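Student: fold the stuff below for me.
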Amino acid sequence: MTPSFTRLSLIAAATAVACGLSFAQAPAAPGAPAPQRHAMKKLDTNGDKLISREEAKANPHLAQNFDKMDANKDGQLSRDEMKAFHKANKADQDGDGNISKAEAASKPNLAKHFDQIDTNKDGILTPAERKAWMAQRKG
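Tutor: Numbers count the residues shown, from 1 in each chain. Prediction:
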């Protein structure tokens, strides 16, 4: 076997495995963002499609905000309760993908760093600017 044939074979095999794994994943529940579905599945250890206070302890954000998220106060978080909480507490309130200085004002940490993140100084944080900021912080 020639080195290029071996390399090509390895690339083809890796691609086949990757495609197989992506198709093998469970289908997503309609209407839920992908990360939320994944978090629900991972945290819902008893499979009842709800997150109990005990199950929420595995996720610091959920544990800290459990009472705020539990809108009906039944001691369980449904996908709808989690989705509503995140929608109400996101910085991009108009859903245009950008965060204005006014929108950032509701998030103290974001407001504090707004001028550093806004690299083109147009008063708007684009997804690219936010991504670059996060990459810079991770170092």
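Student: what bits of this structure have low per-residue confidence?
Tutor: 1-39 (pLDDT under 70).
Student: this protein: strands as residue ranges?
Tutor: 51-52, 76-77, 99-100, 124-125 (DSSP state E).
Student: between the ones you listed, which gets nearest to Lys107?
Tutor: strand 99-100 (8.5 Å; CB to CB). Every C-beta, even on glycine, is put in place using the N, C-alpha and C of the backbone.
Student: how many neighbours does the nearest residue to Ser100 once chain neighbours are set aside have?
Tutor: Leaving aside its chain neighbours, Ser100 sits nearest to Ile124 (5.8 Å; criterion: CB to CB, 6 or more residues apart in numbering). Residues lying near Ile124 (other CB atoms under 10 Å) number 17.
Student: please renumber so the chain begins at 882
Tutor: Got it, the first residue is 882 from now on, which makes the last one we talked about Ile1005.
Student: quick check, Ile1005 in contact with Gly978.
Tutor: No. Contact criterion CB atoms under 8 Å: Ile1005 and Gly978 do not qualify, at 9.9 Å.
Student: re the thing from before, check contacts around the residue nearest to Ser981.
Tutor: Shown in contact with Ile1005 (CB atoms under 8 Å, 6 or more residues apart in numbering): 979-982, 999.
Student: redo the strands of the chain as a markdown table? Include distance to Lys922.
Tutor: Listed next are the strands of the chain as a markdown table, based on distance: least, CB to CB, whole Å:
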| stretch | distance to Lys922 |
| --- | --- |
| strand 932-933 | 11 |
| strand 957-958 | 14 |
| strand 980-981 | 29 |
| strand 1005-1006 | 31 |
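Student: fine by me, we can end here.
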